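J.: requesting a structural model of the entry that follows:
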Amino acid sequence: MGTNRKNNSVNKTGAATAKSRVRGNEGQRLPVPDLRALRGHIAKFPQASVLVVGDLILDHYIWGKVSRISPEAPVPIVHVSSESLKLGGAANVYNNIVSLGGRADLCGIIGSDEGGRQLLKEMGTRRQGRGGVVIDPDRPTTRKTRVIAHNQQIVRYDVEGRTDISAQHQKRIIRYVESRLRDISCLVVSDYAKGVVTAALMADLTRLAALRRIPVIVDPKVEHFSYYKGVTVVTPNHLEATQAAGVHGDNDQAVSQAGDILRQRLGCECVLITRGEKGMSLFESNGSRWHIPTVARQVYDVTGAGDTAIGTLALAMATGASIRDGAVLANHAAGIVVGRVGTATVAVQQLTEALTHA
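T.: Residues are numbered from 1 along each chain as shown. Below you'll find the predicted structure:
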């Protein structure tokens, strides 16, 4: 706009395969899921514990109205009515997990600046998730400012440092991850290419997770795809997938080809490609391809939808859901947040109601 993880056949949560139908090169439509089983996974969310590692971002929104064009340049004049701050990037994944009732920890870098203080403040009283947040006085806290008028984004400007974090800070993150491994049931890597996710860090995270058979789910960046070998699931959008695979086009055939290439190249169990108004496509290690139609009724803003999807998928897999059922829940959660303007989260009741009306 993802610990029972090696079940690549349709499990008991899938309904009759007679309802499947072939959709050309994008694969079969996913069998109608068992809603009772999906609700059962949601009910177990409070028992799940997920560690999120990645780029912490502070999302800053300036809201206003436009009634005239500037006499100084051909640009709109925005009359500001309000401002708001929200957690973004890996912090938004963390926030979505907490909003859905799960337990979450957060690892990443902030600066010793006002943005860093505001980001911690936005985490509120959930101090238990802050242990892995490292302060680097030599880099700014990543901040994305969006100016929005009449529900339309006018401009965005970013304050950030994109260089790789120091070896010392990488070691601090890895030490924290090691200290939490016994208590978590899923690891999420949220990569926004702001310097936290490096090749060395990914190698250590993958190795540590494998030792305890903890699934690793990655929200990727195109330039870092070589880092993700051996993870459980990667969740690119369709543009990231085709670019990373070197495939031209964004039609069903191109997306299908990209999914197969990436899964084989990375040696991962699954590739879950988010496709906006076309829903999601799931590519499994046994060669199966599944299509999950969109459930979004209206799309106002895709900001943060990927964070919501990966957070929901991680929670589902942490409760023992199959990747297929986790993808269905992620699709419903993403369909909720794209109907709002700005970074948003999903509550348990909203996700349950979305299933009811599916």
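J.: got the buried residues for the helix or strand hosting K171?
T.: Element membership of K171, judged by DSSP states H and E, is helix 167-180. Going by neighbour count (16 or more other C-beta atoms under 10 Å), the buried part of helix 167-180 is 169-170, 172-174, 176-177, 180. C-betas here are computed from N, CA, C, even on glycine.
J.: next structured bit after that helix?
T.: Proceeding C-terminally, helix 167-180 gives way to strand 186-190 as the next helix or strand, assigned by DSSP H and E.
J.: run me through the strand neighbours of that following strand, direction for each.
T.: When pairs are called by DSSP bridges, strand 186-190 turns out to pair with strand 49-54 (parallel), strand 216-219 (parallel).
J.: so which of those strands is the most surrounded?
T.: Here the criterion is mean neighbour count by mean count of other C-beta atoms under 10 Å, and of those the winner is strand 216-219, at a mean of 28.
J.: what's the average pLDDT for that one?
T.: The predicted model gives strand 216-219 an average pLDDT of 98.
J.: pull the residues that contact it.
T.: Among residues not part of strand 216-219, those counted as contacts by C-beta atoms under 8 Å, 6 or more residues apart in numbering are 2, 54, 93, 186-191, 205-206, 209, 228, 231-235, 306-307, 310, 313-314, 317.
J.: beta partners for V53?
T.: Beta-bridge partners of V53, as defined by DSSP bridges: C107, V189.
J.: surely A347 meets S99?
T.: Yes - at 5.7 Å, A347 and S99 qualify as touching, with contact defined as C-beta atoms under 8 Å.
J.: the two: who's more crowded?
T.: S99 (20 against 13; other C-beta atoms under 10 Å).
J.: give me the nearest residue to that one, chain neighbours excluded.
T.: Closest residue to S99 in three dimensions, ignoring its sequence neighbours and counting by C-beta to C-beta, 6 or more residues apart in numbering: T345, at 3.9 Å.
J.: could you check the pLDDT of S20?
T.: In this model, S20 is scored at 32, pLDDT.
J.: run through the chain and note the low-pLDDT ranges.
T.: Applying pLDDT under 70 to the chain picks out residues 1-27, 31-32, 125-129, 296-304, 339-344, 358.
J.: and the nearest residue to F45 once chain neighbours are set aside, what are its phi and psi?
T.: Across the structure, with C-beta to C-beta, 6+ apart as the measure, the residue nearest F45 apart from its sequence neighbours is G101 (4.4 Å). With angles defined as degrees, to the nearest 10, G101 sits at phi 90, psi 0.
J.: so which residues of this structure form strands?
T.: With DSSP state E as the criterion, the chain has strands at 28-29, 49-54, 56-69, 76-89, 103-111, 132-136, 142-149, 152-159, 186-190, 216-219, 233-234, 270-274, 280-284, 289-292.
J.: tell me which of those sits nearest to I165.
T.: Distances from I165 to each of the strands of the chain were compared using C-beta to C-beta; the shortest belongs to strand 103-111, at 5.6 Å.
J.: could you tell me the angle between the closest one and helix 167-180?
T.: With axes from the mean of the first three to the mean of the last three C-alpha atoms, to 10 degrees as the basis, strand 103-111 and helix 167-180 are set at 170 degrees to each other.
J.: dump the C-alpha coordinates for strand 103-111 into CSV.
T.: Included here for strand 103-111 are C-alpha records, laid out as CSV according to Å, rounded to 0.1, in the frame of the first residue of the first chain:
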residue,chain,number,x,y,z
ARG,A,103,4.1,-7.6,22.4
ALA,A,104,6.9,-5.8,20.5
ASP,A,105,10.5,-4.7,20.9
LEU,A,106,12.2,-2.2,18.7
CYS,A,107,15.9,-1.9,17.5
GLY,A,108,17.3,1.0,15.6
ILE,A,109,19.1,4.4,15.6
ILE,A,110,17.9,7.9,16.5
GLY,A,111,19.9,11.1,16.8
